[in-house]
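In: no sequence for this one, just the structure:
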Ligand code: PMP
């Protein structure tokens, strides 16, 4: 080993889902199958490209204002970043500085472990139960902070707000982050608790319900004090996080509430129908409240199935990691995309017409 190698920060990186460049039925990274709000297209088409000469507003003013209006909070309660990955990473850096371990579920968004290791934050995974539910009492012990997604990923399970509140209430000496990437498909948000608990941060994204994964916008909502700390960290890292195009398009996406709600309804309807179809084929799955379904089949090996689907250009997500070796995560696409998936599955299981 060369001398300098001793001082290199080595990390085991997060592995993002594949982004196939060919035409594929892409049900592997929980993107929204519908386009962003029509206003986004109009704004992009009429964008003044001369403005790209200048740095964007480092405070992302108009976008912060639009989000504050949408969620009925103050502009000093909103922090934006380059996708919720950026926001979450900043939260780890800013709030998890204890020598005590940060708690998160053992089956969850795998990026948490990566940030903890990147920033040298001690952590301890809390085992979800045999039905993949969070065991809230496990989070009542002393710790250096808590983070969990609701709905959880990849399990798709939603915890009712009283469970979330119990975890926050039992951890008032540390920061609790609720990662609500999929909340719009699920139920009540922890945003309702923002005024009640000053240790709570809620993180959301434009990548799922708002159909803008490609634009990379995420945000945190909390009390002004914690948002100030986040901004201090951000300005110590990279002041110009959101580019000009994202700022303009982000505002348009938030403005169109009707389009947003219609999109949610479509995806939830397709999800519920898809659950029925998977059930008919003998799959078992959790009670998904997200835009994806976490499924297993008692008679078919998940890895074989995953590879067979991929060979036909149908991409789902498979990890093969501990406790979830036999599970796949299937993003809810359009009805047509899901039909292609089911046609393939029926053929694979020799129960219907051949697939070509
Ligand atoms: N949190 C969870 C639970 C996720 O599944 C994802 C998407 N992979 C993210 C955060 C990050 O999403 P984005 O950076 O696109 O906002």
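Out: Arrived safely. Given the structure is predicted, the values throughout are model-derived calculations rather than measurements.

In: which residue ranges of the stretch 151-300 of the chain form strands?
Out: Counting by DSSP state E, counting those that start in this stretch, the stretch 151-300 of the chain has these strands, from start to end: 176-179, 200-205, 218-221, 284-285, 292-296.

In: what sits up against the third one?
Out: So that's strand 218-221. 67, 71, 73, 77-88, 91, 191, 194, 201-207, 227, 230 (CB atoms under 8 Å, 6 or more residues apart in numbering). Quick note: C-beta positions are derived from backbone N, CA and C, even for glycine.

In: related to what we said a few turns ago, which one of the strands of the stretch 151-300 of the chain lies nearest to the ligand?
Out: Closest to the ligand of the strands of the stretch 151-300 of the chain, according to CB to the nearest ligand atom: strand 200-205, at 3.2 Å.

In: is the strand or helix carrying residue 104 positioned near the ligand?
Out: Following DSSP states H and E, one finds residue 104 within strand 102-105. No - figure legend: strand 102-105 not in contact with the ligand (CB under 6 Å from any ligand atom); closest approach 10.7 Å.

In: following that strand, which helix or strand shows up next?
Out: Counting by DSSP H and E, the element after strand 102-105 in chain order, helix or strand, is helix 111-118.

In: off-centre distance for that following helix?
Out: Centroid separation between helix 111-118 and its chain, computed with CA atoms, centre = their mean, to the nearest Å, is 15 Å.

In: who touches that helix?
Out: For helix 111-118, contacts defined as CB under 8 Å, 6+ apart pick out 9, 11-14, 85, 88-89, 92, 96, 102, 104, 121-123, 125, 147.

In: the helices in the stretch 151-300 of the chain, which residues?
Out: 161-169, 224-235, 244-255, 257-280 (DSSP state H, counting those that start in this stretch).

In: which of those sits closest to the ligand?
Out: That would be helix 244-255 among these, by CB to the nearest ligand atom, at 12.0 Å.

In: what is that closest one packed up against?
Out: Under the contact definition 3 or more CB pairs under 8 Å, 6 or more residues apart in numbering; DSSP states H and E, helix 244-255 sits against helix 38-45, helix 61-71.

In: relative to the whole chain's centre, how far out is that helix?
Out: Counting by CA atoms, centre = their mean, helix 244-255 comes out at 19 Å from the chain centroid.

In: residues contacting that helix, please?
Out: Contacts for helix 244-255 (CB under 8 Å, 6+ apart): 36-37, 39-40, 42-44, 47, 51-52, 54, 56-57, 60, 62-63, 66-67, 69-70, 80, 82, 206, 210-212, 215-217, 242, 260.

In: swap the cut-off to 6 Å and go again
Out: 36-37, 39-40, 43, 51-52, 56, 60, 62-63, 66, 70, 210, 212, 215, 217 (CB atoms under 6 Å, 6 or more residues apart in numbering).

In: any of those residues buried? List them.
Out: For these, a burial check counting by 16 or more other CB atoms under 10 Å picks out 36-37, 39-40, 43, 56, 60, 63, 66, 210, 212, 215, 217.

In: from those residues, pick the one nearest residue 272.
Out: Nearest to residue 272 among the buried ones among the contacts of helix 244-255 is residue 210, at 21.1 Å by CB to CB.

In: gap between that closest one and residue 77?
Out: 19 Å (CB to CB, to the nearest Å).

In: need the contact list for the residue in the stretch 51-200 of the chain positioned nearest to the ligand.
Out: Residue nearest to the ligand within the stretch 51-200 of the chain: residue 83 (2.9 Å; CB to the nearest ligand atom). Residues near residue 83 by CB under 6 Å, 6+ apart: 216, 218.

In: any idea how far it is from residue 242?
Out: Distance of residue 83 to residue 242, computed by CB to CB: 10 Å.

In: and for residue 104?
Out: According to CB to CB, residue 104 and residue 242 sit 27 Å apart.

In: pLDDT score for the closest residue to residue 243 other than its chain neighbours?
Out: Excluding the flanking residues, the one nearest residue 243 by CB to CB, 6 or more residues apart in numbering is residue 56, at 5.7 Å. Residue 56 is assigned 97 on the pLDDT scale.

In: give the contact list for residue 56.
Out: By CB under 6 Å, 6+ apart, the contact list for residue 56 reads 240, 243-244, 247.

In: mind putting these into TSV with pLDDT, distance to the ligand and neighbour count?
Out: Below are those laid out as TSV (pLDDT from 0 to 100; distance: CB to the nearest ligand atom, whole Å; neighbours: other CB atoms under 10 Å):
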residue	pLDDT	distance to the ligand	neighbour count
240	97	18	11
243	97	15	16
244	96	19	18
247	97	16	20
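
In: looking at these, which one is closest to residue 311?
Out: So of these, ranked by how close each gets to residue 311 (CB to CB), first place is residue 243, at 37.5 Å.

In: neighbours of the residue lying closest to residue 109 once chain neighbours are set aside, how many?
Out: Among residues not flanking residue 109 along the chain, residue 153 sits closest, at 5.1 Å (CB to CB, 6+ apart). Residue 153: 22 surrounding residues under other CB atoms under 10 Å.
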